[in-house]
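K.L.:
Following is a predicted model, sequence given first.
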Amino acid sequence: MLEDVKEALKGVGVQGITVSEAQGYGHQGGKTEIFRGSEYALDFVPKVRLDVLVPDDQLDTVFGVIADAARTGKIGDGKIWATPVTKVMRVRTGEVGADAI
């Protein structure tokens, strides 16, 4: 699924993403596992987090592309949210703003 999302984002011109392993829980809750005959509740489940930086005018397109590529219809498909970014700089070149994206 991650590869599908990556390819879909490339298809709409997204030039890069950051992928992080994360832990959390949502509607699916945690899970239980048995270790040495005892049952243990694991409150957090492994997740993948994508950070994608795009200009405001691409936001709706990127939301749609991620949702379409990641949707299975099952609990745990994830969430997509937008966080305002007030300034961006590409350290290597010193470019700022949209040029740095």
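P.N.:
That came through fine.
K.L.:
Residue 66 is in what secondary structure piece?
P.N.:
Using DSSP states H and E, residue 66 sits within helix 59-70.
K.L.:
Distance from that helix to the middle of the chain?
P.N.:
11 Å (CA atoms, centre = their mean, to the nearest Å).
K.L.:
for that helix, packing partners?
P.N.:
helix 2-11 (3 or more CB pairs under 8 Å, 6 or more residues apart in numbering; DSSP states H and E). Every C-beta, even on glycine, is put in place using the N, C-alpha and C of the backbone.
K.L.:
Convert the helix it packs on to CSV, retaining C-alpha atoms only.
P.N.:
The C-alpha coordinates for helix 2-11 follow below in CSV (Å, rounded to 0.1, in the frame of the first residue of the first chain):
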residue,chain,number,x,y,z
LEU,A,2,2.8,2.4,0.8
GLU,A,3,4.3,1.9,-2.7
ASP,A,4,0.8,2.6,-4.2
VAL,A,5,0.6,5.9,-2.2
LYS,A,6,4.1,6.9,-3.2
GLU,A,7,3.5,6.2,-6.9
ALA,A,8,0.2,8.1,-6.8
LEU,A,9,1.8,11.1,-5.2
LYS,A,10,4.6,11.1,-7.8
GLY,A,11,1.8,11.0,-10.5
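K.L.:
Tell me which residues of it come out buried.
P.N.:
Within helix 2-11, the residues that count as buried by 16 or more other CB atoms under 10 Å are 5, 8, 9.
K.L.:
I'd like to know which elements that helix is packed against.
P.N.:
strand 45-51, helix 59-70.
K.L.:
Need the mean per-residue confidence for the longest one.
P.N.:
Per-residue pLDDT values over helix 59-70 give a mean of 97.
K.L.:
Thank you kindly, that will do.
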